[in-house]
Structures are given as C-alpha cells and as structure tokens.
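**Q** okay, here's the prediction I keep looking at, along with the sequence it came from:
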Amino acid sequence: MKIAIIGSAFAGNKGASAMLESSVQHLSRRGEDPRFVLLSMYPRSDAEQNPFANLNVLDASPMRLGVLINGTALAWRILPPLRRALERAVPEVGALASADVLLDEGGITFVDGRGKFLIYNMASILPALFVKTPVVKVAQAMGPFTERQNKLAARALLPKVAAIISRGAITHQHLVEFGLTNIHAGADLAFTLELTDADVAEGQAAADRVAPGFFDSDDVVGFSPSAVLQKSAASRGEDYVAQVRAQIDHLTEVLGKKVFLVAHSARAKTTKTHNNDLPLTREIYAGLASKDKVLFIDDELSSQALRHLIGRCEVFVASRFHAMVSSLSMGVPTFVIGWSHKYREVLEMFGQEDFAVGHKELTEDTYRSKVAELLDRKEEIAIQVSTALVGVRANAMKQVDIIEQVASGARN
C-alpha cells in the first residue's frame, strides 16, 4: 500500500504532527509493506524530524505546490505520452501518480471567511485528482459554504473526493446541507496518537531541564495561547499579549497555581509566526508577574512529548485546537478560548461544550468564572471526559478502515 499525505507536518503545528504520526502509526500495521510519502510545506525541517523509516519527505512548499506540482499534474492528465517524463521531472507528481490514496490532513478547509487559505485547500487535492489518485479528507472542520468563492470551489472539488470525514456534528451538518453524499462522521485522528516510554522521557527531560520537579504537586494549570488569536485581536485594536498575561497572572497571583505555558505550534529555527507560537509565548512570559511559577519550555518538542506534559496538568486552558485534543486525550478538564466552530463540535463529543467561549466574546468575568468552575468540578469533569474518550477514539479509528478500503479499491 502506497499512501501520500498532504496538509500535515512534523514541524510547526504539533496538532498536524499528531494527525500525521497517528495515521502512519495505524496504517503501518495494515497490509504488507505500507509506504508513505509526505508532501511537505516544510520539507527540510520535516526531513530532519521524520522518525519513520517507511516515510519519505518531498517538497510541496506553497509556491512549488501551487505552480509546479499542480501545473505538472495537469500536464500529466492532458498529455498521456509525456507521463513518465513528467513523473521523473517532478517527483511529487510521480509519487501521487503511483499512490493508492492521498490523505488530505488539513485540519480546517473550505470554510467561509478563510479566503486566503482557499487556494491552498484547492491546490492540496487538485494534483491527485488530475493523476486519478483517490483522495480521502481525513477528519477535519469544514463549512459553512455560503460565501460565493468557497461555495464554487467546494462544489467543483468536494464531490470528486473519495471520502470526507467530518470532525464533529457541526461540520457534518454543513456537509449534509451542502448535498454531499461521500461523507462519514468521525473524530480527529490525533485522539488515537500513541505515546511510548521514549516520548514520556523526552517530555519529562525537557521540563526538568527548565524547572526540575515542576509537576510534582497537583496544582499546575496548562495554558496554550495562539498566534492566530493574537492576529485577530490586533485587527480589533486589542492587546492580546496583555490579555493573556492578565489571565495567567490571575492563575498564579489570585488562585495560587503554577502554570505550564505551552507553545503548541512551534518552529524553533525561525521567527516567522505562521504555525509558530514561540515568539508569542516568549513575549507573554517576559512580562508575567511571577515567572518562577511558570514553566515555559522555549523549544520545539514533539507532539507526543507535549501531550505527556499536558497530561500532567490539573486543568487546561486551550486556544490551540490540538492542544485541546491533547488535554482531552489525557483526561484533563479543559476550557477553550477559540475562534471557530471546530472547538465546540469536539467539546460536544465530551459533553463539555459549555467550556467553549469565542475570544471575541470573552470577558474577564467569564474567564475567571469558567476557570473557577473547571477547578471546582475537576474530578467530575475528568470522569466525564475519560468516559467519553473511549467512544471518541473508536470513532476516530473508523477512518483508518475507510482509508484502507479506498486504497484497496484503487489497487483492484
């Protein structure tokens, strides 16, 4: 089985890394000699961080993907005599043409209000469609489809996809209302990420290098800010850094808690902020009232190491989607400050949707009351989350069967 993957990465967004590693972990156990190729936005960093012997990283950086890979794939479609030469000239097209399936692991695609990402959403799947390789859109948030450009793009491409896995009830309803029939209800594949003893050791060693024994007491609140929210707040004239500092200072100064400040999207070798919360978290940390009560690991950790450390928190405040997934996966009561329906639809699976608040609507009183409620009810909520997690993981695993079925159909 040959599997191509796009839309995820080892570097940067550790949620994307969790989705990628989960898919390779589970599909590597299916069939004989499964092989993977990652069409990567960050080819150099991903090649350095790739832990899998059966996965090859190829260059699908945005310009190369949008122009060369898409253009060559179209030429492959309309010029059959040149197909072998085109596959040799552009190895990414060759990899797609020989793959049994392409997994599109974009976490949120074809959504109104995200026009600047729509071209990438289209460019990610068009080459596979051109070379007649079936596409599975792994569980992700999608819709609504009311804006003209998004509606036209979705109408043109989504019916041609072999299978679309919705990541929650809201997305599923959007897809049903749009008239699609190639949809399956699911859950984020990152819920199935497996941790090894080495992952645990990596996370613990990273924490101990900065603050030995930080997690020895049961009074640590995890906090994951988001560069996406920072940009959104700036567009409204708000000081996001000051807001988060005040929220963390409330935890340390008023509630007497320690705080694990998490950059869940991290690119250690750049100061660029796309898929990188490290510059933001550095700025937040620098102005905190009690830095001695805050653990900030100024480095890029693996998704598994981060998940282990998040699992050691008493409760968690998340503004990164997959930081939320990691905390829920570890049974940690979670309060989400988000910007999209993608957060609420996942919390609904755990009966925790009341702990989702949009950043635009968040007030200081709401923040403090939600945190207080989370702490007061933490034992009850932890049981609710852990109980629901069994079904969520089983639902997430169903897409592995769907992927295998699609790939098998392509080979037959």
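**A** Thanks, I have it.

**Q** only C-alpha atoms from now on, for both contacts and neighbour counts.
**A** Noted.

**Q** scan the chain for its longest strand.
**A** In the chain, assigned by DSSP state E, the strand with the most residues is strand 135-142.

**Q** now tell me what touches the helix or strand following it from outside.
**A** The first helix or strand that comes after strand 135-142 along the chain, using DSSP states H and E, is helix 148-157. Residues outside helix 148-157 that contact it (CA atoms under 8 Å, 6 or more residues apart in numbering): 110, 111, 112, 115, 118, 122, 126, 145.

**Q** what do you get for stretch 57-76?
**A** Applying CA under 8 Å, 6+ apart, the set of residues contacting stretch 57-76 is 37-43, 46-47, 82-83, 86, 90-93, 120, 123-124, 126-128, 130-131.

**Q** check stretch 36-46 too.
**A** Contacts for stretch 36-46 (CA under 8 Å, 6+ apart): 2-11, 24, 54-62, 92, 95.

**Q** chain center to stretch 85-98, what's the gap?
**A** 28 Å (CA atoms, centre = their mean, to the nearest Å).

**Q** just use 288 as the starting number from now, easier for me
**A** Happy to do that; since the first residue is 288 now, the last one works out to stretch 372-385.

**Q** start and end of that stretch, how far apart?
**A** Between the opening and closing residues of stretch 372-385 we find a distance of 14 Å, counting by CA to CA, to the nearest Å.

**Q** so residue 309 versus residue 475, what's the distance?
**A** Separation of residue 309 from residue 475 (CA to CA): 10 Å.

**Q** just residue 586 next, same as before
**A** Here the criterion is CA to CA. By it, residue 586 lies 26 Å from residue 475.

**Q** pick out whichever of these two has more residues nearby.
**A** Between residue 586 and residue 475, residue 475 has the larger neighbour count (other CA atoms under 10 Å), namely 29 against 13.

**Q** quick one, what contacts that one?
**A** 306, 426, 427, 454, 683.

**Q** can you put the contacts of helix 435-444 in JSON lines and add secondary structure, neighbour count and pLDDT?
**A** Supplementary listing: the contacts of helix 435-444 in JSON lines, determined by DSSP: H, G, I helix; E, B strand; the rest coil; neighbours: other CA atoms under 10 Å; pLDDT from 0 to 100:
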{"residue": "397", "secondary structure": "coil", "neighbour count": "25", "pLDDT": "96"}
{"residue": "398", "secondary structure": "coil", "neighbour count": "23", "pLDDT": "95"}
{"residue": "399", "secondary structure": "coil", "neighbour count": "17", "pLDDT": "94"}
{"residue": "402", "secondary structure": "helix", "neighbour count": "14", "pLDDT": "82"}
{"residue": "405", "secondary structure": "helix", "neighbour count": "19", "pLDDT": "96"}
{"residue": "409", "secondary structure": "helix", "neighbour count": "19", "pLDDT": "97"}
{"residue": "413", "secondary structure": "helix", "neighbour count": "23", "pLDDT": "98"}
{"residue": "432", "secondary structure": "coil", "neighbour count": "21", "pLDDT": "96"}
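
**Q** picking up where we left off before, quick one: the longest strand of the chain to chain centroid distance?
**A** Distance of strand 422-429 from the chain centroid (CA atoms, centre = their mean) equals 12 Å.

**Q** same question for stretch 333-348.
**A** 18 Å.

**Q** distance between the ends of that stretch?
**A** 11 Å.

**Q** residues of that stretch that come out buried?
**A** Judged by neighbour count (16 or more other CA atoms under 10 Å), stretch 333-348 contains these buried residues: 333, 334, 337, 342, 343, 344, 345, 346, 347.
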